[in-house]
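**Q** One predicted model, sequence on top.
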Amino acid sequence: MSSAVIIGGGIGGLAAAVALEDLGWTTTVCERSPQLVGPGGRLVLAANALTALDRLGIGAAVREHPAAAAEVGVRSRSGRWLAKPPQARSRSIVLIPRARLIEQLADRLARATVRLGCAVRSVDPATGWVVTSDGGLRADLVVAADGIWSRVRSALFPQHAGVAYVGVTCWDFDVPESGAPAGPTEFWGAGCAFGVAPGVDGVVHCYALAVEEPARRGVHGEAAELVTRFGRWCEPVAELVRTLDPATVHRHDVFELGTPLPAFHSGRVALVGDAAHAMTPNLGQGACQALEDAVELAFHMSDAGGGLPGYTAARLPRTSLVQHRARTLCQAIMVTNPLAVGLRNAALAGVTRLGRDLLTRSVDEIVAWQPST
């Protein structure tokens with residue numbers, strides 16, 4: 001029986017454990033934290049993520065969580081429409097707490113060994129030997145799902161530039177439902193944006209992005225920061241930031257792998273999720289791509305697949321495309337020059353007049369993903 005060691009008990013790691021276990025593999029998940037479920041806000045799961053979760057056996061359970069329309073309208077900070085969403089909304093997204101998705105993936109595991117508080121010290125890609133704080137393990141496959149600051153990635157590709165701060169900070173928080181737009185809406189300003197996903201489970205899910213140099217990590221007083229930045233915007237933005245609960249605010253300085261890796265594998269080691277393709281959050285595809293990775297990795301490790309070279313061949317071009325589109329959207333939102341802001345807004349308004357929603361076009365190809373068979 002084949003065996004796998006999964007480094008990291010987040011979404012990508014647990015999804016990979018589920019997918020490999022379904023192949024009949026024995027799996028061991030090494031998570032350095034003392035618990036699987038840590039802090040985090042809500043995740044956006046688009047159609048491609050739900051397709052992957054169907055393969056993992058929990059798609060139906062995840063769809064029980066509240067859904068929202070996927071097509072996003074865009075307004076200026078003053079409230080003027082820049083890009084109206086289509087009247088007929090054809091797609092939906094599921095908004096789910098990150099902790100809940102992790103719980104559902106963990107509950108799906110039947111035989112896997114989950115080692116909490118188990119830090120991985122080193123990995124030998126040639127032999128599959130993994131040294132941990134609990135001792136040594138040997139595996140036919142090592143799955144590095146150790147996140148954006150992946151030590152395994154750095155060891156496998158020491159010449160790669162690694163992740164870089166993109167000059168943007170992101171916040172997310174929930175506010176009790178009141179006065180929200182009828183559908184998901186983003187408000188774009190100069191070097192900042194504010195997003196609202198209304199009417200989900202009795203709360204409004206909000207997120208905000210802003211240009212900020214340099215990255216500040218672990219800073220307190222984020223609620224006051226949001227009021228300072230967005231408290232004079234149009235309604236409902238101003239009201240939402242004034243009524244938020246500071247305890248619900250999560251702050252994330254945005255880093256990405258600006259240069260794609262040369263491969264998503266080396267020897268017996270495969271990279272998944274942020275360890276392989278950390279991207280900006282503008283398309284809400286981070287968790288979605290990690291779930292795709294898990295499904296594709298299991299397929300390529302099956303008798304019908306092409307092994308780890310096949311996994312890289314399937315995933316590297318696709319995730320590079322998603323990274324590029326997310327980065328392009330981030331750059332459009334984060335322009336600060338007044339002339340550039342005016343041109344951007346005029347272009348969006350022009351797209352609407354032509355009857356095409358720029359944001360919908362940017363994600364249609366992405367969410368239509370189907371797993372390899």
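**A** Great, that's in hand.
**Q** ok, and the closest non-adjacent residue to the most centrally placed residue in the chain?
**A** With distances taken as CA atoms, centre = their mean, G286 lies nearest the centre of the chain, 2.0 Å away. Nearest-residue entry for G286: M279, 6.2 Å, with adjacent residues in sequence omitted and distances by CB to CB, 6 or more residues apart in numbering. C-beta here means a position set from N, CA and C on the backbone, and glycine is covered the same way.
**Q** quick one: which helix or strand includes R318?
**A** R318 belongs to helix 307-333 when elements are defined using DSSP states H and E.
**Q** Go through that helix and flag the buried ones.
**A** The neighbour-count criterion (16 or more other CB atoms under 10 Å) identifies 308, 310-312, 314-316, 318-320, 322-323, 325-327, 329-330, 332-333 as the buried residues of helix 307-333.
**Q** After that helix, which helix or strand is next? Please name it.
**A** Tracing the chain C-terminally past helix 307-333 and defining elements by DSSP H and E, one meets helix 338-353 next.
**Q** tell me the mean pLDDT for that following helix?
**A** Over the span of helix 338-353, the pLDDT mean works out to 83.
**Q** Quick check: buried residues in stretch 83-101?
**A** Of all the residues in stretch 83-101, those buried under the rule 16+ other CB under 10 Å are A83, K84, P85, S92, I93, V94, L95, I96, P97, R98, A99, L101.
**Q** residues making contact with the helix or strand harbouring the last one?
**A** For L101, the enclosing helix or strand under DSSP H and E is helix 98-108. By CB atoms under 8 Å, 6 or more residues apart in numbering, the surrounding residues in contact with helix 98-108 are 9-11, 14-15, 17-18, 36-38, 40-43, 45, 56-58, 61-62, 65, 114, 287.
**Q** Now which of those would you call buried?
**A** The neighbour-count test (16+ other CB under 10 Å) marks 9-11, 14-15, 17-18, 36, 40-43, 45, 56, 58, 62, 65, 114, 287 as buried among those.
**Q** Go through those and flag which are in helices.
**A** When DSSP state H defines the helices, the subset of the buried ones among the contacts of helix 98-108 inside them is I11, L14, A15, A17, V18, V62, A287.
**Q** re the thing from before, I'd like to check the angle between the helix holding R318 and helix 338-353, please.
**A** 110 degrees (axes from the mean of the first three to the mean of the last three CA atoms, to 10 degrees).
**Q** any idea how far helix 307-333 is from the chain center?
**A** Put simply, helix 307-333 sits 12 Å off its chain's centre (CA atoms, centre = their mean, to the nearest Å).
**Q** re the thing from before, would you mind listing the two of the ones in helices among the buried ones among the contacts of helix 98-108 that lie farthest apart?
**A** Maximum pairwise distance among these (CB to CB): 17.0 Å, between A17 and V62.
**Q** Flag every buried residue along the top strand by length along the chain.
**A** Longest among the strand segments of the chain by residue count, using DSSP state E, is strand 164-176. Within strand 164-176, the residues that count as buried by 16+ other CB under 10 Å are V166, G167, V168, T169, C170, W171, D172, F173, D174, V175.
**Q** Who are the packing partners of that strand?
**A** With contacts taken as 3 or more CB pairs under 8 Å, 6 or more residues apart in numbering; DSSP states H and E, strand 164-176 sits against strand 203-211, helix 222-230, strand 250-256, helix 307-333.
**Q** how about JSON lines for those, with distance to C118 and mean pLDDT added?
**A** As requested, these are arranged in JSON lines below (distance: least, CB to CB, whole Å; pLDDT from 0 to 100):
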{"stretch": "strand 203-211", "distance to C118": "33", "mean pLDDT": "90"}
{"stretch": "helix 222-230", "distance to C118": "32", "mean pLDDT": "91"}
{"stretch": "strand 250-256", "distance to C118": "25", "mean pLDDT": "91"}
{"stretch": "helix 307-333", "distance to C118": "24", "mean pLDDT": "95"}
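**Q** Could you dump the ones you listed into JSON lines with distance to T132 added?
**A** As requested, the helices and strands packed on strand 164-176 are arranged in JSON lines below (distance: least, CB to CB, whole Å):
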{"stretch": "strand 203-211", "distance to T132": "36"}
{"stretch": "helix 222-230", "distance to T132": "35"}
{"stretch": "strand 250-256", "distance to T132": "26"}
{"stretch": "helix 307-333", "distance to T132": "22"}
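**Q** looking at these, which is closest to G267?
**A** Minimum separation from G267 across the helices and strands packed on strand 164-176 (CB to CB) falls at helix 307-333, 8.3 Å.
**Q** Thank you, goodbye.
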